[in-house]
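Engineer: Here's my sequence, what's the structure:
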Amino acid sequence: MITLLIEDRRTQTDELAEVRVPLKTAGEGFFWADASDVCGALQSGPSRIDGPAKVLTMRGKYRQTLMRISAEGTETSQSANLKVDSDRTVTIVVESVRNQLNDAFFWRAHTVFSIDCRLCCLGYADTTSQR
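Structural biologist: Now for the predicted structure:
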């Protein structure tokens with residue numbers, strides 16, 4: 001059994017979940033678990049992650065994405081080595097998934113009119129002054 005420390009950045013909440021998954025021992029004082037086993041166990045329990053999300057953990061300075069959940073609820077994960085600390089905990093981060101197609105359309109539509117529009121939309125320009 002491992003403990004997942006879940007930091008949900010979408011709602012600024014923290015949650016704890018315990019799941020049963022097979023562990024492989026490593027000689028360096030930590031364990032390895034299969035990411036697909038962890039995601040499957042998490043999503044089959046009461047602490048499941050709902051809504052569109054990207055689920056990841058940090059492996060050193062690198063982000064290791066474990067699972068994506070689409071707006072339709074489709075879960076995508078694959079087998080990967082997930083490092084489990086010696087106290088059998090893993091810190092998981094849940095982030096929002098932005099729709100990149102909508103973002104690209106927004107910037108294209110706004111920059112066609114004026115370069116100042118980008119500054120206005122980001123809040124850098126004073127929109128109350130007359131030109």
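Engineer: Across the sheet, point out what pairs with residue 83.
Structural biologist: In this entry, residue 83 is beta-bridged to residue 32, by DSSP bridges.
Engineer: Repeat that for the one 10 residues further on.
Structural biologist: Using DSSP bridges, the beta-bridge partners of residue 93 come out as residue 7, residue 56.
Engineer: Next up, the contacts around it.
Structural biologist: Residue 93 sits next to 6, 7, 9, 55, 56, 57, 58 when contact means CB atoms under 8 Å, 6 or more residues apart in numbering. Backbone N, C-alpha and C define where each C-beta goes, glycine included.
Engineer: May I have the phi/psi pair for residue 35?
Structural biologist: Per-residue torsions, residue 35: phi -60, psi -40 (degrees, to the nearest 10).
Engineer: All the strands of the protein, residue numbers only.
Structural biologist: Here the chain has its strands, by DSSP state E, at 2-8, 13-19, 24-25, 31-34, 53-59, 62-69, 75-77, 81-84, 89-95.
Engineer: residues in contact with the fifth one?
Structural biologist: Just to be clear, that refers to strand 53-59. So strand 53-59 is in contact with 10, 39, 49, 63-69, 82-83, 90-97, going by CB under 8 Å, 6+ apart.
Engineer: let's go with 6 Å and repeat that
Structural biologist: 63, 64, 65, 66, 67, 68, 69, 92, 93, 94, 95, 97 (CB atoms under 6 Å, 6 or more residues apart in numbering).
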